[in-house]
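Student: quick one, fold the following:
(one chain, ligands or ions: 1)
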Amino acid sequence: MATNSETNSAVFELAILARLTWNLHSLNNEGTLGNVSEPRTVVLWNGQRTDGISGEMMKHIHAYWTWIGASSGADYPLCDGCRDFRPQRADLISKKLTKNDNVAALSEAIECVLCDVHGFLVQTPTIHRQSVVEFGWVVGLPGKVQRDLHAHARHAATERGVETTSAGDTGSDEQAGTQEGVAAQMVYHRPTRSGVYALVSLFQPWRIGLNEIDYTYSLDDEQRKKRFELVLQAYEWTLKRPDGAMRSTRLPHIERAEGVLIVSAKAVPVPLLSPLRDDYREKLQELAAMQGCDVIPFADVDEMVAALERIKQRDPFKLERGVARK
Ligand SMILES: [Zn+2]
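Tutor: Sure, this is the predicted structure:
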């Protein structure tokens with residue numbers, strides 16, 4: 001596989017910049033108006049409206065796969081809130097955190113892997129953590145997105161007192177309006193979307209286990225390395241098995257993923273140029289070269305997963321001043 005300068009040095013930041021081809025999904029919706037579900041719509045700088053999947057949804061998917069990975073291994077402590085995947089995270093254990101010492105309280109909170117990686121907001125004591133993984137909107141490339149609204153009907157056929165239900169298209173809904181099972185009959189409209197989507201995501205391994213009040217690490221090198229691997233695994237799972245809404249009937253047809261991973265081995269921010277640009281790979285190559293970052297291109301889902309697997313062999317970057325806390 002072609003790589004620019006893949007090394008085994010530590011990873012300060014990692015960016016995933018890709019075009020994802022996903023078909024016939026409905027992973028994220030605005031909500032339901034009456035019996036019509038509205039797909040997410042975003043507006044680009046030039047006023048162009050296009051299809052999108054929110055960063056919140058992508059982050060939720062990544063958090064879920066992180067939680068699944070953490071729950072299946074003894075190496076990953078989870079706080080009381082995260083053990084049940086509750087969104088309040090460390091706020092649920094605020095009573096157990098040291099009061100009047102925010103440095104100590106933050107270190108206690110980030111012992112939990114999900115709180116460490118995905119962030120939290122605790123009200124008492126007032127401490128917060130910014131997530132170490134970030135997602136932008138997954139946005140449909142203008143001209144490369146298709147959206148359709150399909151009508152479906154829930155049928156209720158009542159025969160000899162036994163009611164059965166089944167889903168189907170309205171075309172076969174000849175029984176609607178009959179006197180039997182009228183209450184159970186329902187016509188509803190659901191969006192179906194296909195497209196090539198631009199993905200931007202940033203992972204900051206240098207912040208794993210870092211107490212960002214006094215800028216020291218609360219975790220030892222081995223724990224940080226394990227969390228680094230867990231986050232990369234969750235990325236793999238997120239991109240080859242995106243979770244989200246309406247999967248029981250709109251399980252996405254994943255067709256392709258192509259793009260680049262950008263890795264900085266030193267304390268240099270990786271460039272983030274959107275795959276909305278057709279020339280994003282070439283421009284990123286140039287930018288990365290100027291900043292001394294590695295560029296790892298991939299042309300399909302398997303190549304992307306293989307590249308992430310190789311990065312797992314590396315270590316998370318550690319600030320020199322970040323001496324481990326006792
Ligand atoms: Zn937690």
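
Student: quick one, phi/psi of residue 135?
Tutor: Torsion angles at residue 135 (phi, psi; degrees, to the nearest 10) stand at phi -130, psi 140.

Student: no, scratch that, I was asking about residue 113
Tutor: Per degrees, to the nearest 10, the backbone of residue 113 is at phi -60, psi -40.

Student: all helices for the protein, in order.
Tutor: 55-71, 80-83, 102-109, 113-118, 221-240, 247-250, 280-291, 301-312 (DSSP state H).

Student: go through those and pick out the most buried.
Tutor: helix 113-118 (a mean of 27; mean count of other CB atoms under 10 Å). (C-beta placed from N, C-alpha, C; glycine too.)

Student: is the ion within reach of it?
Tutor: Yes. Against the ion, helix 113-118 shows contacts by CB under 5 Å from the ion at 114, 115.

Student: would you single out the least confident of the helices of the chain?
Tutor: Note on the helices of the chain: lowest mean pLDDT is at helix 247-250, with a mean of 72.

Student: who wins for proximity to residue 33 among the helices of the chain?
Tutor: Closest of the helices of the chain to residue 33 is helix 247-250, at 18.3 Å (criterion: CB to CB).

Student: alpha carbons of that closest one, in PDB - could you do that?
Tutor: Coordinates of each C-alpha in helix 247-250 appear next as PDB, following Å, rounded to 0.1, in the frame of the first residue of the first chain:
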ATOM      1  CA  ARG A 247     -31.500   0.300  11.000                       C
ATOM      2  CA  SER A 248     -34.200  -2.300  11.600                       C
ATOM      3  CA  THR A 249     -35.600  -1.500   8.100                       C
ATOM      4  CA  ARG A 250     -32.900   0.800   6.600                       C
END
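
Student: by contact count, what packs against it?
Tutor: strand 186-203 (3 or more CB pairs under 8 Å, 6 or more residues apart in numbering; DSSP states H and E).

Student: packing partners for the strand it packs on?
Tutor: Judged by 3+ CB pairs under 8 Å, 6+ apart, strand 186-203 is in contact with strand 13-25, strand 36-39, strand 49-53, strand 133-135, strand 138-159, helix 221-240, helix 247-250.

Student: kindly export the fifth one (C-alpha atoms) in CSV.
Tutor: Read it as strand 138-159. This file holds the C-alpha atoms of strand 138-159, laid out as CSV (Å, rounded to 0.1, in the frame of the first residue of the first chain):
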residue,chain,number,x,y,z
VAL,A,138,-21.1,13.7,7.5
VAL,A,139,-22.2,15.7,4.6
GLY,A,140,-23.5,14.6,1.2
LEU,A,141,-21.4,15.8,-1.8
PRO,A,142,-23.7,18.1,-3.9
GLY,A,143,-24.8,16.2,-7.0
LYS,A,144,-23.9,12.9,-5.4
VAL,A,145,-26.8,12.4,-3.1
GLN,A,146,-30.2,10.9,-3.7
ARG,A,147,-33.2,11.2,-1.4
ASP,A,148,-36.6,9.6,-1.7
LEU,A,149,-39.6,9.4,0.5
HIS,A,150,-41.3,6.1,0.6
ALA,A,151,-44.8,5.4,1.9
HIS,A,152,-45.4,2.3,3.9
ALA,A,153,-48.4,0.8,5.5
ARG,A,154,-49.0,-1.2,8.6
HIS,A,155,-51.7,-3.6,7.9
ALA,A,156,-54.0,-5.2,10.4
ALA,A,157,-56.1,-8.1,9.2
THR,A,158,-58.5,-9.4,11.7
GLU,A,159,-59.8,-12.9,11.0
